[in-house]
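Participant: generate a structure from the sequence data that follows.
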Amino acid sequence: MSDIILVYTTFEKKEEALQLGRMLLEKRLIACAQIDNSVDSLYWWNGEIEQAEEFRLLMKSRLTLWKELEKTITEHHSYDLPEIVAIPVVEANPDYRHWIEETVRK
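Facilitator: This is a model prediction of the structure:
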């Protein structure tokens, strides 16, 4: 199984996603950050259904960096309870996998 993970979280403002993505790149915790155009989110919060416009930040990293990545995102996130999810990459193009492995911190 690959050590590569896709990590995502969402933000209220695109600028927040851009700032965090750049910071994580500079720390070499991720190899790539992609920010989607706004998405409409519907969710339960404090016993009620909420609706919000959010910006999704998708990042490529390694499972070995998960704890530090999750901690760093949590520390710099504006949400009380940010969604921070890691999805394992079962297979990936060998050259792409190598690029991620060589780009992020060991």
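Participant: just the strands in the protein please.
Facilitator: Along the chain, counting by DSSP state E, strands occupy 4-11, 32-35, 39-45, 48-62, 85-88.
Participant: CSV for the ones you listed, including mean pLDDT and mean neighbour count?
Facilitator: (Glycine included, C-beta is placed from N, CA and C.) Below are the strands of the chain laid out as CSV (pLDDT from 0 to 100; neighbours: other C-beta atoms under 10 Å):
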stretch, mean pLDDT, mean neighbour count
strand 4-11, 97, 20
strand 32-35, 98, 16
strand 39-45, 96, 10
strand 48-62, 98, 17
strand 85-88, 97, 12
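Participant: okay if I get those strands as JSON lines plus distance to residue 24?
Facilitator: As requested, the strands of the chain are exported to JSON lines (distance: least, C-beta to C-beta, whole Å):
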{"stretch": "strand 4-11", "distance to residue 24": "9"}
{"stretch": "strand 32-35", "distance to residue 24": "7"}
{"stretch": "strand 39-45", "distance to residue 24": "20"}
{"stretch": "strand 48-62", "distance to residue 24": "7"}
{"stretch": "strand 85-88", "distance to residue 24": "13"}
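Participant: report the contact partners of residue 56.
Facilitator: Each residue near residue 56 by C-beta atoms under 8 Å, 6 or more residues apart in numbering is listed here: 8, 9, 10, 17, 35, 36, 39.
Participant: hmm, try it at 6 Å
Facilitator: The neighbours of residue 56, taking C-beta atoms under 6 Å, 6 or more residues apart in numbering as the test, are 8, 10, 36, 39.
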